[in-house]
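Novice: need coordinates for the below:
(chains A and B)
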Amino acid sequence: MQRFRTGHSSCAWSQRPVAVVPRAFAGYVKTAAMSAGEIGDSPLFLLEYALRLLRVLVLIALWRIILEGRPGSGPMPLASVLTYTVVAEVFAEQLAVRTTLSEAFWHGTLVMRFLRPMGLVRQLAAEMLGRWGVHLGLFSLPLFLVAPLLGVDPRPASPLAAVLFVLSLCLAILVGLAMEVLFGAAVVALEQPVWIIEYLRTAIATLMSGSLLPLAYYPWGLGDVFGWLPFAAMAWAPLAIFTGTGSAAMLLLSQTLWVIVLWPLADWLWRSNREKLVGYGG
Amino acid sequence: MDVLSVTRGPQVMIAYYVSDLITGLAAITATFLLAERFDGIGPWTRSEVLFLLGYALLVRALINTLFNWNLAHISRRIGRGQLDHLLVQPQPLWMALLTEGFAPATGSGMLLPGLGLLIWSIHQLGLTLSAGWYALLVVNLLASIATVLAFEYAWGSLAFWAPRASEEINSDTWRLLMQLAPFPLDGLSGPAVAALLTAVPIGLVAWYPSRALLGIGTASLPAEAFLLSAAIAFAAFAMWIFTRGLRRYGRTGSSRYLDYGHRR
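Specialist: Sure thing, here's the model as predicted:
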């Protein structure tokens, strides 16, 4: 009896399908796939792509105005800054992790997620990964490939930088996910409207993470101060490693420390306030 | 008005006010820090960049104060079927749209910082101010506000045809305008600048009006004429598409109603 690649035997109606994906992960893979499929419900995601592309073009033009003709003007040469800007947009979603937690609070459906046979954070992460797959394929990869047409070299500073970037990006995602859980718990603890906290968080994180501007270019030593905060571990660290700016070892160490600190804190805050969810409206 | 938020207690009002303030300041801080670091950006001196940022913040603050409660994000009201709340009122729709969004307590977080930045930058620039200049400032602010609202309403009108898919379209269009409005666009190519002054009027929110008021680049009068013409053209287009959508809404109504985001 020949088994097909799909895992079904030739006598499909009499045989149980062979699991291609380990059973433990099957639910998460399915969740990710369903989440990815939801993107096509509305074509508005194209507008988001237009915004991201425009932002890159404006920032590239801005940096060219500022740095062209000023070769020794800062810690990063123009080429590195342009690479930083493009790569920040390529991996924008990974550098600013967002799940559907805020929407769940808003719609009052969070409690329903506890009925699913999978951990809350894991299912949120699975949904997030599903969406990422679509956006990486439809926007990030094309942007990366057309970057040379914009006069930007999207390659990492060195092969080692490329390898360390992958590690750093994974740590950044872990930090971002911990922050997401932390802020979600804070919303419930403070009993504030979810979108106030969300807008505040987005505004502060964009500024302090270095996702828009490299921290190295902040005046008055602000970049050095922000570099120690968890927001910098989400974006500045991997991008700095990619462009060969700063010490990769120190950046990775700071990210690791924040992962170790934030996850227990997020877990404790979430568990402390889980009972409040019903009162909040989850 | 947002009297309800005020009477519920200072905590709610303060939360909205502070979040507005911080969000607005964060939106302009990137450009501000760059201008501080490099003592200006391209042809813009540091003080001129401050003026640009103050202008951008003021436009955003005035819209938040005068067109709050999702009136600037009209797609939410249409997509959630909440337009009927306005249609059943014994007043013309245009009057409701112009007045219902007044939120001086919770929506004015960026107003004082915007005014403060403008005044500080004007003082630093040592501008010779006249009644004519103040009149131009007011006209420019109105034109910028009209352009932003027209862009929002034009896109938001899609919700008449696709209420569920387009409910949040104005979130994206708002972000498109407000994220890029504080940046000077001088380094872009001619076609790109033309596109950002016409199809996607990011340049009309703060950059172009600021150039006109400060006398950077094109002479003031033609720039003002273009700004006003663009605002009128955008408003006319937005009215046309909104009324077409409203006509359709009159025949089909709304198949969905969601009460969140509505004042209770």
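Novice: contacts and neighbour counts: CA atoms only from here.
Specialist: Noted.
Novice: confidence score at residue A:281?
Specialist: We have a pLDDT of 61 for residue A:281.
Novice: actually, residue B:105.
Specialist: Predicted confidence (pLDDT) for residue B:105: 85.
Novice: that one looks like it's in a strand, true?
Specialist: No: using DSSP: H, G, I helix; E, B strand; the rest coil, the secondary structure at residue B:105 is coil, not a strand.
Novice: pretty sure it is in contact with residue B:20, am I right?
Specialist: No: checked against Cα atoms under 8 Å, the pair residue B:105 and residue B:20 is beyond contact range at 10.9 Å.
Novice: and those two? Which one has more around it.
Specialist: residue B:20 (23 against 17; other Cα atoms under 10 Å in any protein chain shown).
Novice: list the contacts for the more buried one?
Specialist: B:107, B:108, B:109, B:110 (Cα atoms under 8 Å, 6 or more residues apart in numbering or on different chains).
Novice: what about the third one, neighbour count?
Specialist: Spelled out, that is residue B:109. There are 25 residues near residue B:109, going by other Cα under 10 Å.
Novice: that one contacts residue B:61, correct?
Specialist: Yes: counting by Cα under 8 Å, residue B:61 is a contact partner of residue B:109 at 7.1 Å.
Novice: quick one: the helices in the stretch 51-200 of chain A?
Specialist: A:78-90, A:92-95, A:101-107, A:110-113, A:120-135, A:141-146, A:159-190, A:194-209 (DSSP state H, counting those that start in this stretch).
Novice: is chain B within reach of the first one?
Specialist: It stands for helix A:78-90. No: Helix A:78-90 stays clear of chain B (Cα under 8 Å from any Cα of the partner chain), getting no nearer than 13.1 Å.
Novice: what about the stretch 151-282 of chain A, any weak spots by pLDDT?
Specialist: Scanning the stretch 151-282 of chain A with the threshold set as pLDDT under 70 gives A:278-282.
Novice: quick one: which helix or strand includes residue B:96?
Specialist: Here residue B:96, judged by DSSP states H and E, is contained in helix B:93-99.
Novice: show me the contacts for residue B:87.
Specialist: Shown in contact with residue B:87 (Cα under 8 Å, 6+ apart): residue B:93.
Novice: with residue A:139 instead?
Specialist: Here residue A:139 is in contact with A:49, A:90 (Cα under 8 Å, 6+ apart).
Novice: quick one: it from chain B, how far?
Specialist: In this structure, residue A:139 and chain B are 16 Å apart, going by Cα to the nearest Cα, to the nearest Å.
Novice: kindly state the pLDDT recorded for that residue?
Specialist: Note on residue A:139: pLDDT of 94.
Novice: with residue A:27 instead?
Specialist: Value for residue A:27, per-residue pLDDT: 85.
Novice: tell me how many other residues crowd it.
Specialist: Applying other Cα under 10 Å, we find 17 residues neighbouring residue A:27.
Novice: close to chain B, is the helix or strand where it lies?
Specialist: Using DSSP H and E, residue A:27 maps to helix A:23-38. No: Helix A:23-38 does not reach chain B (Cα under 8 Å from any Cα); its nearest approach is 11.3 Å.
Novice: which parts of that helix are buried?
Specialist: By neighbour count with 16 or more other Cα atoms under 10 Å in any protein chain shown, helix A:23-38 contains the buried residues A:27, A:28, A:29, A:31, A:32, A:33, A:35, A:36.
Novice: again with stretch A:265-272
Specialist: A:265, A:266, A:269, A:270.
Novice: do I have it right that the third one meets residue A:185?
Specialist: Spelled out, that is residue A:269. Yes: in this structure, residue A:269 is within contact of residue A:185 by Cα under 8 Å, at 6.0 Å.
Novice: quick one: residue B:102 from residue A:269, how far?
Specialist: In this view, residue B:102 and residue A:269 are 37 Å apart by Cα to Cα, to the nearest Å.
Novice: mean confidence score for the helix holding residue B:96?
Specialist: Helix B:93-99 shows a mean pLDDT of 91.
Novice: show me what the helix or strand following that helix is packed up against.
Specialist: Later in the chain than helix B:93-99, the nearest helix or strand by DSSP H and E is helix B:111-125. The contact analysis (3 or more Cα pairs under 8 Å, 6 or more residues apart in numbering or on different chains; DSSP states H and E) places helix B:111-125 against helix B:46-66.
Novice: what comes into contact with stretch A:217-235?
Specialist: A:74-75, A:88, A:95-96, A:169, A:171-173, A:175-176, A:205, A:208-211, A:215-216, A:236, A:251, A:254-255, A:258, B:33-34, B:36-37.
Novice: buried residues, that stretch. List them.
Specialist: Across stretch A:217-235, burial judged by 16+ other Cα under 10 Å covers A:217, A:218, A:223, A:226, A:227, A:230, A:231, A:232, A:233, A:234, A:235.
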